[in-house]
Each structure stands twice: as structure tokens, then as C-alpha cells.
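Participant: Could you work out the structure for the sequence below:
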Amino acid sequence: MSTLSPAISWVSGAWSRPTRTRSDGNALIASAEKGSDLWESTVYGFHHRNAHTLLAPWDDTRAIEVCFDTSTLQGEYDQAGVALVVSETTWLKAGVEISDGVPNVSTVVARDGWSDWAAAPTPEWAGSEVTVRISPLADGLIVRARAGNTCWRTVRVLPLLPGTRADAGPYLAAPTRDGLDVKFLEWISRTPDIALHAAPPF
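Facilitator: The predicted structure is shown next:
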């Protein structure tokens, strides 16, 4: 691994909600409890703030990247990826979520107690190792994702003022079922993307 992409230790973060974990070589396997999720009000009318998120302070000059195995995401709304949390009611989560039985590359942004949801079906990602990157650029964030070593897809661009304090790290949730375990393969800090309309070289 490049010195520009140092691994973040699994023990350097703190879980927002207790979860069972175990090591598998350099990977971390975490379990999600039924009913866990992150959502703020919109359409559904409820506030779910109990996803399992492994958070460490985020350096807003660096990109945060999480790689995970999607093979266990099988139940409706099973989800995993990376979260960036400014406050209890303002945050971003990005990753893979099962919707209508199909894997989707998915993002949810909550601002001051209201959430939105954007998703695109990625059935070809089923069972793949997926990497999600949140990268700062000027006064915003770029979310990109890819399966394996395929080309990066730009998933979302959203505003975030430079200097905003946030915590970030891997997350998982299982809104509808028991028994979800997710293997997280990497959690790294790396040089950020330098342009919006240019594919990152790494």
C-alpha cells in the first residue's frame, strides 16, 4: 500500500452503537442488529439513528475510503459503506444497499434533521468487493465507488464548507432482519481527487 494511502487501524475508531466484531486476517467482520438504520424524517416520518458506524476524526484535507465485501448483503435494505458524520442530524452515508431485492449504489444525505435518498441499481456488483471514497474538493465532497478494479463511478457531489469538523468511517445497518455480518477489508486515508470530471488514477 502506498505511503499516500495509510491504513486506518480498526481500533482507532469508536463504534456509535455496540456491535459484535471479529478479525479475519487484516479484515474486520462486524454484525448489525435488526432495526438498525440512519434516516431523518422525510416521507417515512421516523428518525433512525442507530446504524453501526465506526467513527474516527476526519481530516478534511484527505479522502476517506472503505472497501467491503457485498456478498452478505441479501435482505431488504441491508447496507454497508462509509459514513461521514457532522452531527446527529447532519451526515452522509454512501455504499451499497439492497432495494427491491437488487444491490444499489446508494447515498443518503441528512441536513438538519431531513434526509434524501439517491440510488442506482448495480446488480452486477452482487457479491463483489466494493470500494467507496469520499473526497473533499473546494467547498464540496465527491462520492465515488467501484466494484473490484473496475472504473470509478461518480455517485454524488454535495456541499461541505472547508473546516467543517466531522467524523468518518465504515458503517453497516440491517433495517429488516437479524444475521447481517459484513466483512470490511480496508479503511484508508488518501490523497483526495483533484478534479470532478477526471477519473482518479488510483
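Participant: Would you mind giving me the confidence score for G179?
Facilitator: pLDDT, G179: 96.
Participant: okay, now it: neighbour count?
Facilitator: 13 (other Cβ atoms under 10 Å). Yep, even glycine has a C-beta here, placed from its N, CA and C like the rest.
Participant: Tell me how far it lies from L158.
Facilitator: 33 Å (Cβ to Cβ, to the nearest Å).
Participant: ok, and A168, which helix or strand is that part of?
Facilitator: Counting by DSSP states H and E, the element that carries A168 is strand 167-173.
Participant: what distance separates the following helix or strand past that strand from the middle of the whole chain?
Facilitator: Once the chain leaves strand 167-173, the next helix or strand it forms, by DSSP H and E, is strand 180-190. Relative to its parent chain, strand 180-190 has a centroid offset of 9 Å by Cα atoms, centre = their mean, to the nearest Å.
Participant: for stretch 36-51, same thing?
Facilitator: The answer for stretch 36-51 is 16 Å, by Cα atoms, centre = their mean.
Participant: mind listing what T21 touches?
Facilitator: When contacts are counted by Cβ atoms under 8 Å, 6 or more residues apart in numbering, T21 touches W10, L28, I29, A30, S31.
Participant: could you flag which of those are buried?
Facilitator: Neighbour counting with 16 or more other Cβ atoms under 10 Å marks W10, L28, A30, S31 as buried within the contacts of T21.
Participant: Closest to the centroid, which residue in this structure?
Facilitator: V82 (1.7 Å; Cα atoms, centre = their mean).
Participant: Check the gap between that residue and G179 for me.
Facilitator: Taking Cβ to Cβ, one finds V82 at 22 Å from G179.
Participant: Residue ranges in the chain under the pLDDT threshold?
Facilitator: 1-4, 199, 201-202 (pLDDT under 70).
Participant: again, 90 this time
Facilitator: Scanning the chain for pLDDT under 90 picks out the ranges 1-6, 196-202.
Participant: in it, which spans are helices?
Facilitator: Per DSSP state H, the chain carries no helices over any range.
Participant: Within its sheet, name the partner strands of the strand holding A168 and how each one runs.
Facilitator: The pairing partners recorded for strand 167-173 under DSSP bridges are strand 52-57 (antiparallel), strand 79-87 (antiparallel).
Participant: CA atoms of the shortest one as PDB?
Facilitator: Just to be clear, that refers to strand 52-57. Provided in PDB are the C-alpha atoms of strand 52-57 (Å, rounded to 0.1, in the frame of the first residue of the first chain):
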ATOM      1  CA  HIS A  52     -23.400   0.700  13.500                       C
ATOM      2  CA  THR A  53     -20.700   3.200  12.500                       C
ATOM      3  CA  LEU A  54     -17.000   3.000  13.300                       C
ATOM      4  CA  LEU A  55     -16.000   6.700  13.600                       C
ATOM      5  CA  ALA A  56     -12.700   8.500  13.800                       C
ATOM      6  CA  PRO A  57     -11.900  12.200  13.400                       C
END
